[in-house]
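**Student:** need coordinates for the following:
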Amino acid sequence: MGYTLNSRKWEDSPKSAIDAALDMDALFTPQVTGTILPNGTVSDKTFTIYRELSNGEQVELNSGVRRGYHAESYHHLLEIAEAMFPNSTTGMQVYDEGAMLVFTQQVAEPYTFGDGDLMVSNIMYTASLNSTLPSAATGFSFRPFCTNQLGLGQLQFSQKRTKNHDRLMFDKAKVMAEAAGQFDALISNAKVLKGLRMDKFLLRRTLDEVAPLLDEEANAKARSHAEKRREGILYFYAEEVEKFGENAWALYQAVQSYEFHTVAGSGKGTELKQVRVVTEPEKAQRLTSLAEQVMLARV
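**Tutor:** This next block holds a predicted model:
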């Protein structure tokens, strides 16, 4: 599935969510019109959501929606995010001329492990006018060394757009507490995994559980996939080991790099697939979660 995408990052100099949205032309007001039937009749049962661009062009954002669909501007979500964490927006993605919006905020100072490794606590916000993405805030960590984005769990959620659409009245104290709790749990596990030495025997044993190779009885395509998956993880593991040594955290990050950069980072719709690594970790980071469980169980 292909999407047109406009994307920018301000990691070195975060800015306000409103200013970012202005830069990305994401502060438009969506319009609604009845579906036009072949004979020219305008339906009062289904509707099209559209916007007008600065050049006068009109672009469709959603079609065939029923009466009561809530076509609200992104302005309210952006205002709430900015009120909670001022001048902290580090990136924004606008898909299909505004049909979908994704933006991120850095919400705490980076945590350093003292060995050159850093983790940064962030929140990713998603919203859409085409029902592709729910209105939601998800905690995630960003690791500069490998640029991995690790989803930590949803902080607050609003249903998809209907006439009863929740206006996302985020509770700042709750969001901050949940984000901090998720990040603290990650750092605690990271320290444990950094202390677990990964010798060749333990490496092979762990990979056999997380990314097993297949025997000759399996079909050739499945065997090839399993071999390439193992090779991909070992490639990222070698990079980790060169910088941080042979430990379980290095393997954990190698598995996550494989899922984020190789699996989600290839083919069409890469950016949106990587968004879903953060927002749907139970689906898109299955191997990463399994690796964590397997290695923590050995401590």
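**Student:** and residue 286, how far from residue 201?
**Tutor:** Distance, residue 286 to residue 201, using Cβ to Cβ, to the nearest Å: 25 Å. C-beta here means a position set from N, CA and C on the backbone, and glycine is covered the same way.
**Student:** kindly report the same for residue 17.
**Tutor:** Residue 17 sits 49 Å away from residue 201, going by Cβ to Cβ.
**Student:** which one of the two has more residues nearby?
**Tutor:** residue 17 (29 against 8; other Cβ atoms under 10 Å).
**Student:** can you report phi and psi for the more buried one?
**Tutor:** Backbone torsions for residue 17, taken as degrees, to the nearest 10, come to phi -60, psi -40.
**Student:** for residue 127, see how far away it is.
**Tutor:** For residue 17, the distance to residue 127 - Cβ to Cβ - is 12 Å.
**Student:** ok, residue 297 next?
**Tutor:** Using Cβ to Cβ, we find residue 297 at a distance of 38 Å from residue 127.
**Student:** compare these two (neighbour count), which wins?
**Tutor:** For residue 297 versus residue 127, the count of surrounding residues by other Cβ under 10 Å is larger for residue 127: 24 against 8.
**Student:** direction included, what does the helix or strand harbouring that one pair against?
**Tutor:** Per DSSP states H and E: residue 127 is located in strand 118-128. Strand 118-128 pairs in its sheet with strand 100-106 (antiparallel), strand 111-112 (antiparallel), strand 135-143 (antiparallel), by DSSP bridges.
**Student:** how about the most far-flung residue of the chain relative to its centre, secondary structure?
**Tutor:** Using Cα atoms, centre = their mean, the residue of the chain lying farthest from its centre is residue 39. It sits 43.4 Å away. Of the three states, residue 39 takes coil under DSSP: H, G, I helix; E, B strand; the rest coil.
**Student:** OK, contacts around it?
**Tutor:** Residues counted as contacts of residue 39 (Cβ atoms under 8 Å, 6 or more residues apart in numbering): none.
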